[in-house]
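Novice: A predicted structure for the sequence below; I have some questions about it.
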Amino acid sequence: MDDASVFDKLRPRLQGIAYRMLGSVAEAEDVVQDAWLRWHSTSRETIENAEAWLVTVTTRISIDRLRATKVQRERYTGIWLPEPYFAESPATPEQAKERADEVSVALLMLLERLSPEARAAFLLREVFDADYDEVAKTIDKSEAACRQLVSRAKAQLRDDRPRYVVSRETHHRLLQTFAQALERGDFKAINSMLAEDAVLMGDGGGRVQSFPEPMVGGRRIAQFFYAAALRYGSGLHVELAVLNGQWALLRFVEGALESAQTYETDGERIVRIQVQRNPDKLARIAARFGGQ
């Protein structure tokens, strides 16, 4: 197998590592491109295991990139949310559940709390199922240090992981009903589907209007959605799509993608909504769905 074929075979894994590290499709693509350039310029005689070498290079580039972006995100306008990505639905329900657990927007937001090294160790071990000796070699730390990093990361994330285990079918049914209520502008139906203490977070990136702080309260959120229905009328269209391995909603205004919305539910009501409105983070999804 030639060098390009080896890299292309491993590209999805490398892209997956970089995206989970950075929460940005664009930045992940840059990292993978950088890894390709290093792969292309390195003598194969110095590489014993191509996959291990590429995973290590990609992870270390991601760690360096994350250190830099963390500084930028501290100065980010409003709330920072990960860039959602569209992928074809996995082949089986088991694969769908696995992917959703590994790359949900909720998990990516929680991972922002970790240091770059802890995030890498946690992802390699808990998501990509690497042995601790592999983790240690990849991030250049001892196995004991890696075990400690992963243990602390798990403890740090444990209390705030999504509290509810909801089947994919139930999640889909709830969102389908909610989408219909949004399009109808049915305030009563919208409000009834939101938990009393529901939370909505929006990311406009300083490019479009959004909320500087989370909106709390089901009724307030229902009023927000109802106001949009009144404002846009028949120009408002909502459809379901699989984003980050989970069913989500895309909201279009006059045919253009206005937001990508990911949801957490308890199986009966919606408890948390992440609304991505930053045009830079919507560009790939908009291109895929014909929006501008």
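Specialist: Done, it's in.
Novice: spit out the contact partners of residue 128.
Specialist: 13, 16, 17 (CB atoms under 8 Å, 6 or more residues apart in numbering). C-beta: built from backbone N, CA, C; applies to glycine.
Novice: which element is the first one on?
Specialist: Taking DSSP states H and E as the definition, residue 13 sits inside helix 3-22.
Novice: which strands or helices does that helix pack on?
Specialist: helix 25-41, helix 50-74, helix 93-103, helix 116-122 (3 or more CB pairs under 8 Å, 6 or more residues apart in numbering; DSSP states H and E).
Novice: so where is the chain shaky, pLDDT-wise?
Specialist: Low-confidence segments of the chain, defined by pLDDT under 70: 1, 87-102, 160-164, 290-292.
Novice: domain map for it?
Specialist: Under the assignment automatic domain parsing, the domains of the chain span 1-75, 105-161, 168-289.
Novice: export those to a markdown table and append columns for distance to residue 83.
Specialist: Converted to a markdown table, these look like this (distance: least, CB to CB, whole Å):
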| stretch | distance to residue 83 |
| --- | --- |
| domain 1-75 | 5 |
| domain 105-161 | 9 |
| domain 168-289 | 4 |
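Novice: closest one to residue 81 among the ones you listed?
Specialist: domain 168-289 (3.8 Å; CB to CB).
Novice: gap between the two ends of that closest one?
Specialist: Domain 168-289 has its terminal residues 22 Å apart, counting by CA to CA, to the nearest Å.
Novice: what's around residue 63, how many residues?
Specialist: 19 (other CB atoms under 10 Å).
Novice: just checking, residue 146 touches residue 126?
Specialist: No: proximity of residue 146 to residue 126 does not meet the contact threshold set by CB atoms under 8 Å, at 11.7 Å.
Novice: neighbour count winner among these two?
Specialist: Per other CB under 10 Å, whichever of residue 146 and residue 126 has more neighbours is residue 146, with 27 against 14.
Novice: quick one: contacts for the nearest residue to that one once chain neighbours are set aside?
Specialist: Of all residues not flanking residue 146 in the chain, residue 135 sits nearest, at 4.6 Å (CB to CB, 6 or more residues apart in numbering). For residue 135, the contact set (CB under 8 Å, 6+ apart) comprises 121, 124, 125, 143, 146, 150.
Novice: coming back round to it: of all the domains of the chain, which one is nearest residue 84?
Specialist: For residue 84, the closest of these is domain 168-289, at 4.4 Å, according to CB to CB.
Novice: show me the contacts for the residue most central in space within the chain.
Specialist: What sits nearest the mean C-alpha location of the chain, by CA atoms, centre = their mean, is residue 105, with 3.6 Å. Neighbouring residues of residue 105 by CB under 8 Å, 6+ apart: 81, 82, 84, 243, 244, 262, 274.
Novice: sorry, back to before: what does the helix holding residue 13 rub up against?
Specialist: 1, 25, 27-29, 31-32, 35-36, 39-40, 44, 50-51, 54-55, 58-59, 61-63, 65-66, 69, 85, 102-103, 108, 111, 116, 119-120, 123-124, 127-128.
Novice: and the angle for that helix with helix 25-41?
Specialist: 140 degrees (axes from the mean of the first three to the mean of the last three CA atoms, to 10 degrees).
Novice: can I get helix 3-22 in CSV? Just the C-alpha atoms.
Specialist: Output of helix 3-22 as CSV, limited to C-alpha atoms (Å, rounded to 0.1, in the frame of the first residue of the first chain):
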residue,chain,number,x,y,z
ASP,A,3,1.9,6.3,1.4
ALA,A,4,-1.2,8.2,0.2
SER,A,5,-3.4,5.1,0.5
VAL,A,6,-2.1,4.4,4.1
PHE,A,7,-2.9,8.0,5.1
ASP,A,8,-6.3,8.0,3.4
LYS,A,9,-7.3,4.8,5.2
LEU,A,10,-6.4,6.4,8.6
ARG,A,11,-7.8,9.8,7.8
PRO,A,12,-11.3,9.2,9.4
ARG,A,13,-9.6,8.2,12.7
LEU,A,14,-7.2,11.2,12.6
GLN,A,15,-10.1,13.5,11.7
GLY,A,16,-12.1,12.0,14.6
ILE,A,17,-9.3,12.6,17.1
ALA,A,18,-8.7,16.2,15.9
TYR,A,19,-12.4,17.1,15.9
ARG,A,20,-13.0,15.7,19.4
MET,A,21,-9.9,17.6,20.6
LEU,A,22,-10.9,20.9,19.1
